[in-house]
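Asks: Coordinates only, no sequence provided:
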């Protein structure tokens, strides 16, 4: 991939596409108008970079209803297309509506998540207490509800967040409602696991380890980030307690899953190095390889301490609560965070750590 | 001739004394002596009478050997005046005259003495002649006597030889007679049971018989003897084996058998085997006491029994063995040691089983006394059987029991602490049911503290028995050193305080919602308890321990400061957790109130919402609760009490003025900019930050958490115009009542401003309420 790392974030009624040119350290902004309402959630199709789904508040007189729609952005703004005109920042583009995920029967859409590996034809949306699987047909111009399931229980159950697992050939989805995390099988739309009281308070976000199929990260209002092995959900594998307020986002790095990014309403972004539960071995395998030919070097290698789980950096550039963080899909060492006051901060993984991981 | 030499000495003395004046007499005598000595050639040095300083060679010295009359006269004539010359002349004449008379006296006296000496010598000559004759006679008589004596002995020679031979024969015959009588005597002895006598006879005869066994008659006797001896030995063994008789009799049997030349090795084994039988019987009886069916006697009785029965028996066996088989050397000693080790081991196993039964009981004094007896009893055989190491093993057992007791007490203390906690929980739960105020928190805290302290003291007193002076094992190095420092101080006291901290901390770790099972008041109480420990109790308890146990050990011990730090950390964590829990309760209330309401379609606010009143009520309740246990703490001095209320009202209206521009949607960027600039200058608010040990800090923490939650919830909602106004009213109400609880009221203002500003941002139609109206509504509510 090129150094260009497009980042998309939503502001009321507008979608901004930010191009970050790594070589020239320049930021380029394109504005897409989103006239239908204020955006609460946004996600892009993994198969087609120009297709994205938004969840937005539909303005109405008495009630707020959150709807979800799939859009296509103008061709020249698609990531990777270098023919985009230089003066595009000044003009506002409009989105092309592809299809509407009809939720009149199900309530407000909390989030939309795309099938990670497929051809971008499957979407899951969470609406109040329903989990809906949609098939997008005819180049995404039509959405058909393929199957659905709903949570039953006392009180008002409401999904807050969901994540489609990249493993198991895309048959697993994890959702969060209140303090509980649930896993679903998309083929039968039945529950496969349930982590009761995963967090002391509301669970805000989930993310799957991109390389270890059973590992799941979650964060919530109890200021904690927890790592779970979905095969054994009685105890978290690891718990981080670095933030001093609600943690709104947790994201695994797409290539180096020891790097975990969290954003919190204590206005901090924390980059952690979770070596012990990452897919990359630390220490052992290297030793095994060296065993045969270089036995005399082993003692000194042993003496090197295995790397510890640690906080790499705390970014305090934001003045208000941070509500979104994500990694660049193009450059694994780049990430962005967005806070309430509208400030977008793009950061790099510290160089020393990058070389330490690479070499 | 000898008389001549002796004569003049004494004779000359008195002769010249009457002459001259008194002062001159000694000098004159000396002069006379000097002259005599000169005459007899005595050395110059011995003439002590010579005037000092005079030169013996001086020719002018009248008494000198080298006197020269010419020189002397010359000198006189030259030096002296006439008168002096005349004087010296008369003096000289007088001296010469005196000398002449002296000489005459001497000659006369010595002459007499010569005459008497000659007479004496003549008499002696006559006497010696008589003596010679008598000596001759004596010599002849002696010769005659010698002659007679030689003749007599020649005559007696023959008879003497015969007498000697006869005497020899007589002795031999007596011995032979003894030998011939031996079998019958032995038989008689055996019949009478006088085994000792029999063995003595046999011992006397054995060597002779051994020597002459080639003679048929002796052979016969020897055979007889052997038969009888064999019988004797058999009988002895019989008696020995029967074993009914006591240890001393057995020892006697063995002694006799040894004298009979029985193989010591075998006897040794047999002796030990018998001893084993007896001791095992003792052990069995002990074991029977231990058995579950009869009610076990108390431990003191048990150890007494074991001490007198088994240990006493073992002592007897050991001393008898050492007397009997001393000749066996190290191998024999080793055998005894092994024997003692084995049986001792079994005894110890029994004692340990008994002591294990004692572990559950609380009475330390009885146990210590029992251990003391046990240990004391075993010191005697310990000295006797040093190799078997029984004393060490006994000490080890005592040490182990002491350790177990320490563990037991630690358990007891922990249980007491947990019991206290349960009581507190019940006390905290009870008043809610009864609907009236139960015992105050302060009272509960005092109860818990005093009860734990009394438990600690009781444990210390109980454990202290182990080191009492009169207890035999208290001077062992373990009890002087390790027991005091590692056992009591570290294991018991420090261990308990640590475990108390851990127990308290575990309340913090209980996950999230389930943590609600712990009543917040308990958290608060524990936190205060730990803080009290940090300030006073830890050092008090440790000082008490150190004083009671006079820790002499050099091994490192946990310093008071470390323990205090741990207690403080625990207190801090508990208090922080308390803040989180209480903050969560209020947060949940606020969150529900924001999330469940339809803010778009609310009516114009007439009242402060009930939930806000509830929040203020709860906060006040918490304030009272915390105030019971914690001091007030410092507020940031801002204004005097009298002006506070007006100030807060004023500031609220002022701040409303400040965010007023944000209500006009035309300038959203300005608002952002304004709020950002304001944030740049205000400090970042750490919401879940650690708290200090005072009421204000605790309340500040709780309010911070609650308001931050309110802020975040508001940001997730969309407000209608009246929704915004309602938020405005609510926030003003909170501002009116919450400022008094926090350290820095500016903080409350900031957060509430944020809430209202966020609500305004989330409002499509932001028209704020008039501040005066807001105030009126709040004051009415």
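Replies: Arrived safely, thanks for sending. These numbers come from a predicted model, not from an experiment. Numbering: from 1, shown residues only, chains lettered A, B, ... in the order given.

Asks: use CA for all of it now, contacts and neighbours both
Replies: Will do.

Asks: ok, now which ones touch residue A:336?
Replies: Applying CA atoms under 8 Å, 6 or more residues apart in numbering or on different chains to residue A:336 gives the contacts A:7, A:325-328, A:344-347.

Asks: which residues of chain A fall in helices?
Replies: A:284-293, A:298-303, A:351-358 (DSSP state H).

Asks: neighbours of residue A:150, just the number please.
Replies: Counted with other CA atoms under 10 Å in any protein chain shown, residues neighbouring residue A:150 total 18.

Asks: Report the beta-bridge partners for the nearest residue to residue A:311 once chain neighbours are set aside.
Replies: Once flanking residues are discounted, residue A:311 sits nearest to residue A:272: 4.3 Å by CA to CA, 6 or more residues apart in numbering or on different chains. Residue A:272 forms beta bridges with residue A:260, residue A:311, as assigned by DSSP bridges.

Asks: was I right about residue A:272 contacting residue A:312?
Replies: Yes - using CA atoms under 8 Å as the test, residue A:272 is close enough to residue A:312 to be in contact (5.2 Å).

Asks: Between those two, which is the more surrounded one?
Replies: Here residue A:272 and residue A:312 are set side by side on neighbour count (other CA under 10 Å), and the busier one is residue A:272, at 20 against 16.

Asks: Enumerate the residues of the stretch 251-359 of chain A near chain B.
Replies: By the rule CA under 8 Å from any CA of the partner chain, the part of the stretch 251-359 of chain A lying against chain B is A:266, A:319, A:341.

Asks: 7 Å - rerun?
Replies: A:319, A:341 (CA under 7 Å from any CA of the partner chain).

Asks: Report the residue spans of the stretch 251-359 of chain A with pLDDT below the cut-off.
Replies: For the stretch 251-359 of chain A, residues meeting the criterion pLDDT under 70 lie at A:281-307.

Asks: quick one on the thing from earlier: tell me the buried residues within the contacts of residue A:336.
Replies: Buried members of the contacts of residue A:336, counted by 16 or more other CA atoms under 10 Å in any protein chain shown: A:7, A:325-328, A:344, A:346.

Asks: which residues touch residue A:159?
Replies: Going by CA atoms under 7 Å, 6 or more residues apart in numbering or on different chains, residue A:159 touches A:110, A:126-129, A:175-177.

Asks: That one - nearest residue in space that isn't next to it in sequence?
Replies: residue A:177 (4.4 Å).

Asks: Tell me how far that neighbour lies from chain B.
Replies: In this structure, residue A:177 and chain B are 15 Å apart, going by CA to the nearest CA, to the nearest Å.

Asks: right, and that residue touches residue A:156 too?
Replies: No - counting by CA atoms under 7 Å, residue A:177 sits too far from residue A:156 to count as a contact (10.2 Å).

Asks: Looking only at neighbour counts, state which of the two leads.
Replies: Ranked by neighbour count (other CA under 10 Å), residue A:177 and residue A:156 place residue A:177 first, with 20 against 10.

Asks: Wait, a strand at residue B:724?
Replies: No - read with DSSP: H, G, I helix; E, B strand; the rest coil, residue B:724 is helix and lies in no strand.

Asks: burial count for it?
Replies: Neighbours of residue B:724 using other CA under 10 Å come to 32.

Asks: OK, contacts around it?
Replies: Residue B:724 touches B:759-760, B:763, counting by CA under 7 Å, 6+ apart.

Asks: Where is pLDDT lowest across those?
Replies: Among the contacts of residue B:724, residue B:763 has the lowest pLDDT, at 81.

Asks: What mean pLDDT does the helix or strand harbouring residue B:428 get?
Replies: Here residue B:428, judged by DSSP states H and E, is contained in helix B:390-434. The average pLDDT within helix B:390-434 is 79.

Asks: before we move on, what about stretch B:100-108?
Replies: Here stretch B:100-108 scores 89 as its mean pLDDT.

Asks: ok, now stretch B:351-365?
Replies: pLDDT averaged over stretch B:351-365 gives 71.

Asks: That stretch: end-to-end distance?
Replies: Start and end residues of stretch B:351-365 are separated by 17 Å (CA to CA, to the nearest Å).

Asks: Check stretch A:255-263 too.
Replies: Stretch A:255-263 has an end-to-end distance of 19 Å (criterion: CA to CA).

Asks: what's the answer for stretch A:30-44, then?
Replies: By CA to CA, one end of stretch A:30-44 lies 16 Å from the other end.

Asks: Pull out the buried positions in that stretch.
Replies: Quick answer for stretch A:30-44 (16+ other CA under 10 Å): A:30-34, A:37-44.

Asks: got it, and stretch B:403-423?
Replies: B:403, B:405-410, B:412-414, B:416-417, B:420-421.

Asks: got a pLDDT number for the residue in the stretch 201-350 of chain A positioned nearest to chain B?
Replies: Closest approach between the stretch 201-350 of chain A and chain B, counting by CA to the nearest CA: residue A:244, at 5.1 Å. The model reports residue A:244 with a pLDDT of 81.
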